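Student: sequence first, then the predicted structure, then my questions.
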Amino acid sequence: MAEFGGQMAADSLLTHLLRDAGVAIGGGCLCLAGDCPHCLATVDGVSYVRTCQVTFREGAAVTLHAANGQLPPLESPGERPPVTARTTHCDIVVIGQGPAGRVAATDARSVGAHVVTLDAREGQDVIGVYPGPLVVARTEDGMRHVYPRGEIVVATGASEIQPAVPGNHLRGLVTARAAAELAASGVPLGQVVAVGTPPDGIVCELASGTLVRFEPSSDPTRVGAVVMRDPGGVETRLACDTVSLGLGLTPRDALLRMARGMNVRGVGDVLLPAHVPPCPVEGTVCPCAGVTVADLASVHARGFHELELVKRATLAGTGPCQGAGCVPHIRAFLAAQGAALQPPFTARPVTRQLTIGEVAAGAHHAVTPRTALHEEHVGLGAIMERLGGWWRPWHYGDVDAEYSAVRTGVSICDVSTLGKMQVSGPGALALLEHLYPVPISTLAPGRARYVFLLDERGYVIDDGMVARESDTRFNLTFTSGGATFAEMWVRDWAESLGADVRLMNQTFSLGAINVTGPRAAELLARAGVGAPPAFLHHGQADVAGVPCRIYRLSFTGEVSFELHHAAADSVRLWHALLSLGQDLGIRPHGLKALLKLRLEKGHLIVGQDTDFDSSLRRLGCEWAVRLDKPAFIGRQAVLRTNRLPLDRQLCGFEMDGEQTTSEVVCRTPAEGATIWDGEDLAGVVTSTTWSPTLGKSIMLGWLRLKDGQLPTDVTIDGRTARRVPTPFYDPEGRRARG
Amino acid sequence: MRVVERLNAARIVAIPAAIDAATWPTGALAFRLAPDEVLVTASTPAGVIDDAHAIVERETGFSAVWVDSAQAIDFLERECDWELPRERPAFAQGMVAGLPLKLWFGQDRVLMVVASPCAADLAERLR
Amino acid sequence: MNEFVERAIDLRWPTEVKRAYDVVIIGGGGHGLATAYYLATRHGITNVAVLECSYIGGGNSGRNTTIIRANYGVPEAVRFYQRSVDLYAHLEQETDRALMHKTKGLLWIAHSEAGIRQERARAAVNTACGASTEYVDPGTIREICPQIDLTGNGVWPVYGASYHPAGSTARHDRVVWAYAEGAMRLGVDVFQRTGVTGIRMDRGRVTGVETSDGPIAAGIVLSAVGGHVTTIASMVGLRLPIRTHPLQAFVTNRYAQAFHPIVASSGLGGYASQTAKGEMLIGAEIDRAPSYAYDSGHPFLQHCAFRMMTLLPFLRDLRVLRQWTGVCDMSTDYSPVMGLTGVDGFLVTTGWGTWGFKAIPAGGEQLAALIATGRTPDLIAPFSLDRFARDRTMADRGSAGTH
């Protein structure tokens, strides 16, 4: 990649193949500089490796692509050690260490700059210059990510023009630089004819005139002669073993163009004007894609005049060398048709090739957080699932028993994943009044209530709880999956409104265990809480010696105490509750049971039962908005859309179990099932479950209105279902109040 | 595998001036997470925060591990894309190995602090 | 011989710009050219100019991942895209051009309980609306695509998928050219390197456009641009609920054909297919930050490569050839915006986000019908611009996620 000069430090694989291994390298004009596709091979299982750019290693398995004519197999056999990526921050990065690159690096170092040099000849292939600015290179030892604070110096030199004449697929063709390099490395070249600029240090016959074609020798794959034409049109045939081609230079400026707009400077041959060769008249122009001059003429005659359209219509320039060999000829061809000389293709990464495994180095999967009770769940045999962005217990092996424990006894559930935020300050109340669609000022200290968050369009973005601790201090909860967005939402609005508040996200700081069931209060009493908060209240108390804030709301439909505590105390509290409740039949319940319990209560789950255009009216939750409140986010939109006819609503449905010969079989439609109103598709089921208590399937789903009415009888999964009001279970809510 | 242990700390959100003026128990490290937020590696922060509306909480939601400098630098060179502070001691925070980390650079070792729910992932990525 | 050289399509460029046209279409991409084609072929309207500021198909029409599918999430969208799938299936026959249309089948993988719910709902809604999509279990996934690692490298296990057998690909450029050729053959004028710099209005009605080649009068002006539609709309004082985001993709070198379906994963935020040339073509979700920039990013390449290897471990040793970027006009409800705008004589087809290519035939056909008849066809009525004011948004984020 660097400018030409000197011999490579070690033998390249290609040089070795040509000199020592007796391998018949495929045809085409070899450049030995990584610009052409002619030395591509599968090396140790990786295809499309330029053997001229790889240092020879004893025992390497090499199959030249040109040799077998087949596309390489689509596979990655065997194991490989993971690839690492290393990051460097420096002042200056110099790409290319030929004469100009070396001078640039030396100059920068002389004034004390921290310089990183990347040189393809040292095995550092720069694949791209990215916004950052970031220069990424592939090396044999892994990836390099280099962030220059100052200049990017591109000293990548120039490549030699490939011949575009008949016979350019033959073996025995080399660029002038390659000829010199091969000879210096001891590769026998035989009788050499030089076309154009002759190679340094080689005795050769100079060909004069215009290059016409190459002719094969007795070996039809190998060049035997080069044919030239003089200005008078007379052709001369020069016999040879090797042809050295010095057809001119074209700047290797892809990185320079890619970095346009950044602090970048080219030095040396990369600044050369692009040499425009003579218009090709016959033969292959793009060896990668097998595009001939006839192909160019054919598409041009049919209206493909733009360089980009010619590329797309022929695929010239879309192969491994990305136009390095063919673009000069295509530009020459198009210019010869009378158009202005068109600029080359947009330069895009990757300029040097690397594997997907290499480019992925340094990437990680997004983390799925674990609660402080993770190991407890695993120890109890829980099936863990990613739910709401966390690892959570899906069930502990017996969903029915977990469900029953809540409905008839007492159970605990790890709800540490809830978003939690403390808000304090003189501006806290005003901020929350703005955020929530219900009055907050009427919430007395010690009270808590269930609330929705709306966006400016009046659509639900999250739900949770507001609990007031004092005149100026509140605790908020959000859904597990929505907490990150909700925090951003609250902070953005606090800032926009200039609210005088302190905000602390405590999602990760606090564990939360929900104690629920008809015997929940009994369990709390055993844990030392004789007078727990009343329904929709909260308070501070030690539970089994663990300081907790106890919130009394209910998602399960039974008496529930949500115990928020320092995450470090979670395990102790969990064990204490399980131990104290042993003779009450306590067992923890997972999310699968919880989803059943909440569905019996008709509680929706934001994200599952809602979409991002769900208004409270569509959710059937108009009780959760107070339009007499003068200002809150979404109020204007709610007022406006409430005047429009309703199109669909989230509804409850029930379906009887199916009677077979001997028993009632519960066959509950799957979530996602379609809802039909006669012949019309009327909606989709968002939540379903079999309710053991009610003895039927219960569902939530979206239902379209027809003629302004919601249908009552619908078909789901080919069976009749009834639209019914929710909650399905304990509609008066007596059980949760205890 | 390294043990990333839960930190027994305190976290304070208050007006910046109150945090600027506060003093912390001897030996405790105080990490300024934001102008209005500080994490103190002491179970209860001594000194008074001069802000009636400050939120001062026991904080056990972070976990941490000490790594000696050479190993830490090797790890960070592979897993951190942003530029690290060169002075010592220093505090920095950002994504490292795909995790939001807080880094305390001591003279010869580095404290890596992570939210406890991601502590197992940090331990695994530290290998 | 290179089988990919275009050997039939003949683009007959007009020699001069007329002073007036019945219809001026801004944007010579798939949607603009298809609309012109259907105006000419279905309605006999040929006094039409298509103005392209660069070369035809040079925007998103030539930068997308060529996937054709109808497996959307809301009934109106399924019906619309199914129309497009049907038109695509017969487009080679209609245009008598080799468009390299290939039916591959599309797997949309679920890695979670929420993913299962989403893919089941997709299958159910698709089936109800005439698109064939079924929910399949991991065993069936393995039969359809043996290369998938069902354990997700032990990190993102595969729970199931929706399978859309009609999922297909076609050569994007040839689709654009075939429409251009067909339209021009019937007398439509298509101009390259002709940018629109303004829109002329008279008493609230659009009367023509200003271009880099001078003014052109027009009875109707349709904006079919991608990327800068808000700029065009602002020329008539119209604000659109559109934000433009970059979308990136990359291809590998060519390998022997061995990967038959299209595989998408919302959980991993990416998708992959093998092109007719043998490249593995891999894309991700849109960049989160809005931008008009065509810059290629390294984080995209690094993370997308990493995530897709999780599902398709055979990718590891394949060599990357090129990455590129398009810019997507995202509407606020992740559905397209087609038709009348409230400005007399000015129509739009936009909001094509990440789903523009698959909609080209149906979008062109329906817009042409609207222009020819003055009435909005039922198939696209739900996608009108006024749906935002009427609170009738077509929320379909789950279908837009990746491609």
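Tutor: Noted; the coordinates are in hand.

Student: center of chain C - which residue?
Tutor: C:Gly356 (1.7 Å; C-alpha atoms, centre = their mean).

Student: from what I can see that residue touches C:Gly30, true?
Tutor: Yes - contact criterion C-beta atoms under 8 Å: C:Gly356 and C:Gly30 qualify, at 7.0 Å. (Glycine included, C-beta is placed from N, CA and C.)

Student: list the contacts of A:Val285.
Tutor: Contact analysis of A:Val285 by C-beta atoms under 8 Å, 6 or more residues apart in numbering or on different chains lists A:164, A:291-293, A:295-296, A:316, A:326, A:329-330, A:333.

Student: partners of B:Pro100 in the sheet?
Tutor: Under DSSP bridges, the beta-bridge partners of B:Pro100 are B:Met95.

Student: got the residues of chain A near chain B?
Tutor: Within chain A, the positions near chain B by C-beta under 8 Å from any C-beta of the partner chain are A:84-89, A:145, A:147, A:362-367, A:369-372, A:374, A:390, A:422, A:424-426, A:472-473, A:500-504, A:506, A:508-510, A:566-569.

Student: just say helix, strand or coil for residue 83.
Tutor: No chain was given, so I picked chain A. Classification of A:Val83 by DSSP: H, G, I helix; E, B strand; the rest coil places it in coil.

Student: ah, no, chain C please
Tutor: State at C:Arg83, reduced to three classes by three-state DSSP: helix.

Student: that one is in contact with C:Leu379, isn't it?
Tutor: Yes - here C:Arg83 reaches C:Leu379: they are 6.2 Å apart, a contact under C-beta under 8 Å.

Student: anything in contact with each of the two?
Tutor: Residues touching both C:Arg83 and C:Leu379 (C-beta under 8 Å, 6+ apart): C:362, C:366.

Student: could you pull up the contacting residues of residue 13?
Tutor: As the question left the chain open, I've gone with chain A. A:Leu13 touches A:41, A:43, A:51-52, A:54-57, A:60, A:62, counting by C-beta under 8 Å, 6+ apart.

Student: please refer instead to chain C.
Tutor: A:303, C:184, C:190-192.

Student: would it be right to say that A:Lys592 lies in a helix?
Tutor: Yes - counting by three-state DSSP, A:Lys592 is located in a helix.

Student: got the confidence number for it?
Tutor: In this model, A:Lys592 is scored at 96, pLDDT.

Student: state which helix of the chain is the longest.
Tutor: Because you didn't say which chain, this covers chain A. If you go by DSSP state H, chain A has its longest helix at helix A:483-497.

Student: actually, chain B is the one I wanted.
Tutor: helix B:69-79.

Student: pLDDT wise, what is B:Val48 at?
Tutor: 76.

Student: ok, now which ones touch it?
Tutor: By C-beta under 8 Å, 6+ apart, B:Val48 lies in contact with B:Ala22.

Student: again, but for B:Glu57
Tutor: A:422, A:504, A:506, A:509, B:10-12.

Student: most neighbours, which of the residues you listed?
Tutor: B:Ile12 (25 neighbours; other C-beta atoms under 10 Å in any protein chain shown).

Student: correct me, but that residue touches B:Thr44?
Tutor: No - using C-beta under 8 Å, B:Ile12 makes no contact with B:Thr44, being 11.0 Å away.

Student: coming back round to it: okay, and the common contacts of C:Gly356 and C:Gly30?
Tutor: Listed contacts common to C:Gly356 and C:Gly30 are C:Ser61; contacts here mean C-beta under 8 Å, 6+ apart.

Student: domain parsing of chain C, as residue ranges.
Tutor: In terms of domains, chain C is parsed into C:20-64+C:172-242+C:333-400, C:102-166+C:243-328 (source: automatic domain parsing).

Student: check chain B too.
Tutor: B:5-61, B:63-126.

Student: does A:Ile513 lie in a helix or a strand, and which?
Tutor: strand A:510-516 (DSSP states H and E).

Student: what lies in contact with that strand?
Tutor: Contacts of strand A:510-516 (C-beta under 8 Å, 6+ apart): A:371-373, A:406, A:410-416, A:418, A:420, A:523-524, A:554-556, A:558-567, A:569-570, A:573-574, A:577, B:61.
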